[in-house]
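Colleague: sequence first, predicted coordinates after that:
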Amino acid sequence: MVELSVKLEEENSVECALFLHYFEVEVLSVEKEMSVNQRRVMMEKLFHGIFFTAASIAVVSVALIIIFIFSRGLQPFFPGNEFGNYNPISFLTGLNWRPSFGTFGIGYMIVSSLLATLGAILLGVPIALLTAVFLAEVAPKRLAAIIQPAVELLAAIPSVLYGVFGFAIIAPAVRNISPYSTGNSLLAVILVLSIMILPTIASICTTSIRAVPGYYREGSLALGASKIQTIFKVVIPSAKSGILTAIVLGVGRAIGETMAVILVAGNSEGGIPSSIFSIIRPLTVNIALEMGYAAGMQQQMLFSTAVVLIIFIIIINLVLSKIQKKAG
């Protein structure tokens, strides 16, 4: 009986030791898992903070720029300005910009900017879209692999080089057909801007067209449609959201371009352009030409021009975004 009780005690002690060891292992694994989860939560919070900071920097930067420009640009239209006041109606509708005479009218610049942007979009978008269709749907893969990098390379060329090209090649060509003695004109600006927005629109449109599911094409072809019909009736409508996004970016670049436009616009001091051969002075060009040496009332009116440009860009983006949402 004594030996039996000793054996039972030994077995119980072994079982207790095994249980304690198993319990310790479980506790350690739970603690380790909790530690891993805590580190994971901390990393998630850290990256959320980084993302929020990056987004905040972008938003704050835009807000600071707008606040600064509006605070400087609206001063001439309120009483108490140290350099005097200017009628906002005369500013927005005036057809002459002559700082030496105290005349600051940007009505003709607004018209010039609108015409240049509209002309660049009407000319550049169809070419860019057809280029995208060729690269995504028509061209053999080897040929597309050669052409697409060349198109994308256009986006990397500095804008001043586009201006030099326009000044040396496009402006003389326009002069040959112009009734005036200079080739610097609205037409030259439209041609230069069309070339500049082409790579941006073509690249985004190419990506959007390639993202259309293959079974869309297969279904259309199975119903008896030709390849061209499939492209224009099925593929392009399916990619319209990306295409409209590309157009928005193209409009933004066309409106905001300065250096290239300076070299081919002619920079008139007044008058609404009467034809595509008339010299023009867009809003961006006006700011770039005079901000370096302007002071007093002239400098404030240049900031006022920047205010109009910002409002102009915001309105166009809102309209295009509305169109994009309706298009789906």
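Modeller: Arrived safely. Numbers count the residues shown, from 1 in each chain.
Colleague: what residues does stretch 138-157 touch?
Modeller: T131, F134, L135, A136, I195, M196, L198, P199, T200, A202, S203, T206 (C-beta atoms under 8 Å, 6 or more residues apart in numbering). In this view, the C-beta of every residue, glycine as well, is placed from N, C-alpha and C.
Colleague: show me which of those is closest to I89.
Modeller: M196 (33.8 Å; C-beta to C-beta).
Colleague: max pairwise distance over the contacts of stretch 138-157: which two?
Modeller: A136 and M196 (21.8 Å).
Colleague: wait, what's in contact with the residue nearest to the spatial centre of the chain?
Modeller: Centroid-nearest residue in the chain, with C-alpha atoms, centre = their mean: L249, separated by 4.1 Å. Neighbouring residues of L249 by C-beta under 8 Å, 6+ apart: T200, I201, I204.
Colleague: which of these fall in helices?
Modeller: When the contacts of L249 are checked against helices (DSSP state H), the matches are T200, I201, I204.
Colleague: out of the residues you listed, who has the most neighbours?
Modeller: I201 (27 neighbours; other C-beta atoms under 10 Å).
Colleague: ok, and the closest non-adjacent residue to that residue?
Modeller: A128 (3.7 Å; C-beta to C-beta, 6 or more residues apart in numbering).
Colleague: tell me which residues touch that neighbour, please.
Modeller: I197, L198, P199, T200, I201, A202, C205, A246, G250.
Colleague: so which strand or helix has it?
Modeller: Following DSSP states H and E, one finds A128 within helix 107-133.
Colleague: next helix or strand past the helix or strand of the chain with the lowest mean pLDDT?
Modeller: The least trusted helix or strand in the chain, going by mean pLDDT, DSSP states H and E, turns out to be helix 2-73, with a mean of 70. Per DSSP H and E, the first helix or strand lying C-terminal to helix 2-73 is helix 88-93.
Colleague: for I195, grab the count of nearby residues.
Modeller: 20.
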